[in-house]
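Novice: Curious how this folds, go ahead:
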Amino acid sequence: MAGKFEIYKDKGGEFRFRLKAGNGEKILASEGYKEKSSAVNGVEAVRKNAPDDARYARKESSNGKHFFNLKAANHQVIGTSEMYEAASGMENGIESVKNNAPDASIDDQTA
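Specialist: Sure thing, here's the model as predicted:
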């Protein structure tokens with residue numbers, strides 16, 4: 001099963017998207033947007049930038065967990081990963097975004 005983007009409204013009424021891998025695991029999440037069209041634009045930005053390894057900022061949190069941000073050409077963060085125990089898990093997450101995002105369908109849960 002291929003990956004998919006889910007567009008949804010959070011408890012605060014903002015639009016967000018998340019990318020799920022084919023196994024249903026969440027691999028990337030967006031910030032909140034006031035307009036649904038902005039969330040859709042964010043999905044397109046992820047699709048466009050996901051294949052480029054240079055767009056991934058690999059990070060380590062204060063508690064030693066690993067995560068990454070996917071950035072657009074203008075260096076704005078367009079998606080953030082889950083926290084991973086090990087750097088190898090984070091690298092696997094990056095590969096999963098690269099593989100799933102370009103062709104992922106959109107599941108609009110706000111319609």
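
Novice: Restrict stretch 96-109 to CA atoms and write it as CSV.
Specialist: Extracted as CSV, the C-alpha positions of stretch 96-109 are listed here (Å, rounded to 0.1, in the frame of the first residue of the first chain):
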residue,chain,number,x,y,z
SER,A,96,10.4,6.6,4.0
VAL,A,97,9.5,10.3,3.3
LYS,A,98,11.6,10.2,0.1
ASN,A,99,9.9,7.1,-1.1
ASN,A,100,6.3,7.8,0.0
ALA,A,101,5.8,11.6,-0.5
PRO,A,102,6.2,12.2,-4.2
ASP,A,103,3.3,9.9,-5.3
ALA,A,104,1.2,9.9,-2.1
SER,A,105,-2.5,10.4,-2.4
ILE,A,106,-4.4,13.0,-0.4
ASP,A,107,-7.1,12.0,2.1
ASP,A,108,-9.0,15.1,2.8
GLN,A,109,-10.7,14.5,6.2
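
Novice: Show me the strands in this protein, by range?
Specialist: 4-9, 15-20, 26-29, 56-60, 66-71, 77-80, 105-108 (DSSP state E).

Novice: Quick check: can you name the pairing partners of the last one and their directions?
Specialist: When you say that, I think you mean strand 105-108. Sheet pairing of strand 105-108 (DSSP bridges) gives strand 4-9 (parallel).

Novice: residues of the strand it pairs with that come out buried?
Specialist: By 16 or more other Cβ atoms under 10 Å, the buried positions in strand 4-9 come out as 4, 5, 6, 7. Heads up, the C-betas are built off the backbone N, CA and C, glycines and all.

Novice: now do stretch 32-47
Specialist: In stretch 32-47, counting by 16+ other Cβ under 10 Å, buried: 33, 36, 39, 40, 42, 43, 45, 46, 47.

Novice: Next one: residue 71 from residue 22, what distance?
Specialist: 24 Å (Cβ to Cβ, to the nearest Å).

Novice: who's more crowded, those two?
Specialist: residue 71 (18 against 13; other Cβ atoms under 10 Å).

Novice: What distance do you get for the more buried one to residue 37?
Specialist: Counting by Cβ to Cβ - residue 71 and residue 37 are separated by 21 Å.
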